[in-house]
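>>> Pasted the sequence and its predicted model underneath.
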Amino acid sequence: MTLIPRLKKRREFLSVAATRKKWVTPGLILQIRKRNQPLSSISKRYAERGIPDGQPDIRIGFTVSKKVGNAPQRNRARRRLRAIADLVLFKKARSGYDLVLIGRKETITRPFADLEKDLKTALWRTGVHIDAPTTAQKAKGKQ
């Protein structure tokens, strides 16, 4: 299991939401924000130790609202999102982003493989997937 740094403070979640860049899938919602500064300048822990080799320079937050269900259901949705994030983000996410995964009612019942596909699709569509073309590459292709 990888240890991806977490967004924990309300202002961090709000700053990601303020960019209004998101992708909605049946199993989850992904919000993104490109960071201007590296993780080591934000976190003392990473400034002292550095980012482990091979780990992307990203932070992630998880949220599941009361619309999803009672506390055990929300906890289950959050656990499933964390498992998917650990599985996918370490290999597929581009560095320099803050991400927020928002659970939906479908997060609880959706098959794990479909949740994984949802996250990969959301990463691709938002341009955070490591293989996705960047904005500059898209503009170059349109000429």
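Cool, got the structure. Because the structure is predicted, anything quoted here is derived from the model rather than measured.
>>> all strands for the protein, in order.
Using DSSP state E, the strands of the chain run over residues 21-24, 28-34, 58-63, 97-103.
>>> Show me the one of those strands that comes nearest residue 69.
When the strands of the chain are compared for distance to residue 69 using Cβ to Cβ, the nearest one is strand 97-103, at 9.7 Å. (Each C-beta comes from the backbone N, C-alpha and C, glycine too.)
>>> What strands flank that closest one, and is each parallel or antiparallel?
Looking at strand 97-103 with DSSP bridges, its partner strands are strand 28-34 (antiparallel), strand 58-63 (parallel).
>>> How far away from the center of its chain is the first one?
Think strand 28-34. The chain centroid and the centroid of strand 28-34 are separated by 6 Å under Cα atoms, centre = their mean, to the nearest Å.
>>> Next: stretch 105-124.
Offset of stretch 105-124 from its chain centre (Cα atoms, centre = their mean): 12 Å.
>>> Dump the C-alpha coordinates for it into CSV.
Extracted C-alpha coordinates of stretch 105-124, given in CSV (Å, rounded to 0.1, in the frame of the first residue of the first chain):
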residue,chain,number,x,y,z
LYS,A,105,-24.6,6.1,-3.7
GLU,A,106,-23.3,3.9,-6.5
THR,A,107,-19.8,3.8,-4.9
ILE,A,108,-21.1,1.3,-2.3
THR,A,109,-22.7,-1.2,-4.7
ARG,A,110,-20.7,-0.7,-7.9
PRO,A,111,-18.3,-3.6,-8.7
PHE,A,112,-14.7,-2.8,-7.8
ALA,A,113,-13.5,-3.2,-11.4
ASP,A,114,-16.1,-0.7,-12.6
LEU,A,115,-14.9,1.8,-9.9
GLU,A,116,-11.4,1.4,-11.0
LYS,A,117,-12.5,2.0,-14.6
ASP,A,118,-14.4,5.1,-13.4
LEU,A,119,-11.3,6.6,-11.8
LYS,A,120,-9.1,5.9,-14.8
THR,A,121,-11.7,7.5,-17.0
ALA,A,122,-12.0,10.6,-14.8
LEU,A,123,-8.2,10.9,-14.6
TRP,A,124,-8.0,10.7,-18.4
